[in-house]
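> Need a 3D model of the sequence below.
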Amino acid sequence: MSIPPLLFALLMWFIGTAAIVWLDSRPRHTFRTSLSLAGLVAIAASVLVWLKAADDSEGAAYAGFAAAIVIWGWHEMSFLMGEIAGPNRAECPAGAVGWARFKAATATVIYHELAIAATACLLFAITWDQPNQAAPLTFLLLFVLRLSAKFNLYLGVPNLSDEVFPAHLAYLKSYFRKRRCNPLFPVSILIGSGIALWAWMTAESSPLDSGAAATATLIAGLAILGVVEHLFLVLPLRDAKMFRWAINNKAKRAVPIECVGRGQ
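Sure thing, here's the model as predicted:
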């Protein structure tokens, strides 16, 4: 397996997360402009995915991966900035358990999840039966990692990382549960590790320096990062500390530190 794709995946993850943190830490009156400009970039990235769909080169795989990260970043911004979330923006009703709690929690994010699902379908549609599947596979993996993280937070983990939530997202904390672990967590780790292993083996069996090898290596790197982010949910560490430097101190408000591959 080639090292450069792994480093590229790490770099895109780090830059994407830092950019979202910085933009979300700015004053709220800048959100609409930031979202609009990021939306234009996301549209351009989608066009790039379409243009590179038939290109099976290594460079096209990098382009597809980067485009997917950019598109994902816009979706994360739309959620963190409070534009696309769900019909329910209230705290969890007192005493809500079982289906009532799940229904209320789902209503806090359903619009955003549907928007992500629709985008994933679009990416697969514009690259259908084409050799370059880097963008749709990357975006789908990010979606899976996001859902896994959300379900784990909902079911309960030791480290909620909710101490830096801004006021307009504070209601989400009421749907998190703090507990030693939950039955889903080891399954999430196994699935993430399995995806990384499968992608690694695919890269090893693909022609050297080919688009297929690069795509598989990028997916492996992203899956590994996803597993690491999940581990932060149970370890006595704060991944937020890695991106404190990106916060715009002039805004003087707490912001959620959310990695590109994991929404909270």
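> Start from the N-terminal end of the chain and give the helices.
Ranges of helices in the chain, per DSSP state H, are 3-24, 31-51, 58-80, 98-106, 110-126, 134-155, 184-205, 211-231.
> what would those look like in CSV with mean neighbour count and mean pLDDT?
In short, each C-beta sits where N, CA and C put it, glycine included. CSV is the format used below for these (neighbours: other Cβ atoms under 10 Å; pLDDT from 0 to 100):
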stretch, mean neighbour count, mean pLDDT
helix 3-24, 19, 87
helix 31-51, 16, 96
helix 58-80, 23, 95
helix 98-106, 14, 95
helix 110-126, 16, 97
helix 134-155, 22, 96
helix 184-205, 17, 96
helix 211-231, 24, 94
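> Tell me if I'm right that A54 and W128 touch.
No - counting by Cβ atoms under 8 Å, A54 stays clear of W128, with 11.2 Å between them.
> follow-up on the earlier one: please render the helices of the chain as a markdown table that adds distance to L172 to the earlier fields.
As requested, the helices of the chain are arranged in a markdown table below (distance: least, Cβ to Cβ, whole Å):
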| stretch | distance to L172 |
| --- | --- |
| helix 3-24 | 14 |
| helix 31-51 | 17 |
| helix 58-80 | 10 |
| helix 98-106 | 9 |
| helix 110-126 | 12 |
| helix 134-155 | 9 |
| helix 184-205 | 18 |
| helix 211-231 | 18 |
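> of all those helices, which lies closest to S174?
Nearest to S174 among the helices of the chain is helix 98-106 (9.1 Å), distances taken as Cβ to Cβ.
> List the contacts of the residue nearest to F124 when sequence neighbours are not counted.
In space, and not counting its chain neighbours, F124 is closest to P136: 4.5 Å by Cβ to Cβ, 6 or more residues apart in numbering. By Cβ atoms under 8 Å, 6 or more residues apart in numbering, P136 lies in contact with 49, 68, 120, 123-124, 127.
> Between the two ends of stretch 177-192, how far is it?
22 Å (Cα to Cα, to the nearest Å).
> any idea how far that stretch is from the chain center?
Computed by Cα atoms, centre = their mean, to the nearest Å, the chain-centroid distance of stretch 177-192 equals 18 Å.
> Other residues contacting it?
144-145, 148-149, 151-158, 160, 223-224, 226-227, 230-231, 233-234.
> So the residue nearest to F124 versus F143, what's the distance?
For P136, the distance to F143 equals 10 Å [Cβ to Cβ, to the nearest Å].
> any residues in contact with both of the two?
Contact with both P136 and F143 is made by residues A120, according to Cβ under 8 Å, 6+ apart.
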